[in-house]
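[1] just to be clear, the model below is a prediction. Sequence and coordinates:
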Amino acid sequence: MKQELLTVIENAPLTDAVYRMRLSGCAGENRPGQFVNIRLEGFYLRRPISVCDFENGVLTIIYKAVGRGTDAMTRVAPGEKLDVLTGLGNGYDLSAAGEAPLLVGGGVGVPPLYYLAKELIKRGKAVSAVLGFNAASEIFYEDEFRALGASVAVTTVDGSRGIKGFVTDALPESATYLYACGPLPMLKALTKACPVSGELSLEERMGCGFGACMGCSIMTKSGAKRVCKDGPVFGKEELPW
């Protein structure tokens, strides 16, 4: 974990509710699957946001405006500086991918998979990505995944774009390993639908973000674990669905 003062160089909408923020001056390590915790003026608790990309000191995050804190984030202007804790949590294990990893994201579970796809493709892996949304108006980063060289399938619940249904309706016939991030019901369904081993990144409300408050504890097959410190990425077989 590293506390850094980063400069906002972009904060722009991707959809009606989803925004991309890019911050420069990051010197810490940020691996695929890790997250940052952002301090906002007027709010006691920091906001945990997954890392979407990190390159040449520029950190990219994508967030959804769903409450007072994230709504306040939408009004942060380029040039402003933010107090950010970087390099939090345990990320994905890239060495387990095999030759044809499958990446599955739902909604704002999509962003951390972009950085993961980028790093896996650099290693010569044949990445397939399934991105799930409620409607066409909520889709983001489909083109960015394709530009990396990933094979991409998009699903929408209402059928307004791509395959109608859920991410489990678009899984490829074969994959060597599963990486996923999204809502709990999606992760539970994936565990049953995808036979290969893998890793799941959990979304959970956090207090401190680095393991001190125990507020994000969940039960695993090996006992209670903190999502912020022991996760947010857990082995697919660790979770007692």
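    Received, thanks.
[2] using PDB, write out every CA atom in stretch 48-57.
    What follows is stretch 48-57, C-alpha atoms only, in PDB (Å, rounded to 0.1, in the frame of the first residue of the first chain):
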ATOM      1  CA  PRO A  48     -12.600   1.900  -3.100                       C
ATOM      2  CA  ILE A  49     -12.300   1.600  -7.000                       C
ATOM      3  CA  SER A  50     -10.700  -1.200  -9.000                       C
ATOM      4  CA  VAL A  51      -7.800  -0.500 -11.200                       C
ATOM      5  CA  CYS A  52      -8.800  -0.500 -14.900                       C
ATOM      6  CA  ASP A  53      -5.300   0.200 -16.300                       C
ATOM      7  CA  PHE A  54      -1.900   1.400 -15.200                       C
ATOM      8  CA  GLU A  55       0.900   2.500 -17.500                       C
ATOM      9  CA  ASN A  56       3.800   5.000 -17.400                       C
ATOM     10  CA  GLY A  57       2.600   6.400 -14.100                       C
END
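[3] quick one: it to chain centroid distance?
    Per CA atoms, centre = their mean, to the nearest Å, the displacement of stretch 48-57 from the mean C-alpha position of its chain is 10 Å.
[4] again with stretch 98-108
    Using CA atoms, centre = their mean, the offset of stretch 98-108 from its chain centre is 11 Å.
[5] likewise for stretch 22-30?
    17 Å.
[6] list the contacts of that stretch.
    Under the contact criterion CB atoms under 8 Å, 6 or more residues apart in numbering, stretch 22-30 has outside partners 2, 4-11, 36, 51, 54, 57-61, 82, 84, 86-87. Where C-beta positions appear, they are placed from N, C-alpha and C, glycine not excepted.
[7] buried stuff in stretch 180-198?
    By 16 or more other CB atoms under 10 Å, the buried positions in stretch 180-198 come out as 180, 181, 182, 186, 187, 189, 190, 191, 194, 198.
[8] would you mind finding the longest strand in this structure?
    Of all the segments of type strand in the chain, defined by DSSP state E, the longest one is strand 2-13.
[9] show me what whatever helix or strand comes next after that one pairs with in its sheet, parallel or antiparallel.
    Following strand 2-13 in sequence order, the next helix or strand is strand 18-24 (DSSP states H and E). Here strand 18-24 has these sheet partners by DSSP bridges: strand 2-13 (antiparallel), strand 58-64 (antiparallel).
[10] avg pLDDT for strand 18-24?
    For strand 18-24, the mean per-residue pLDDT is 98.
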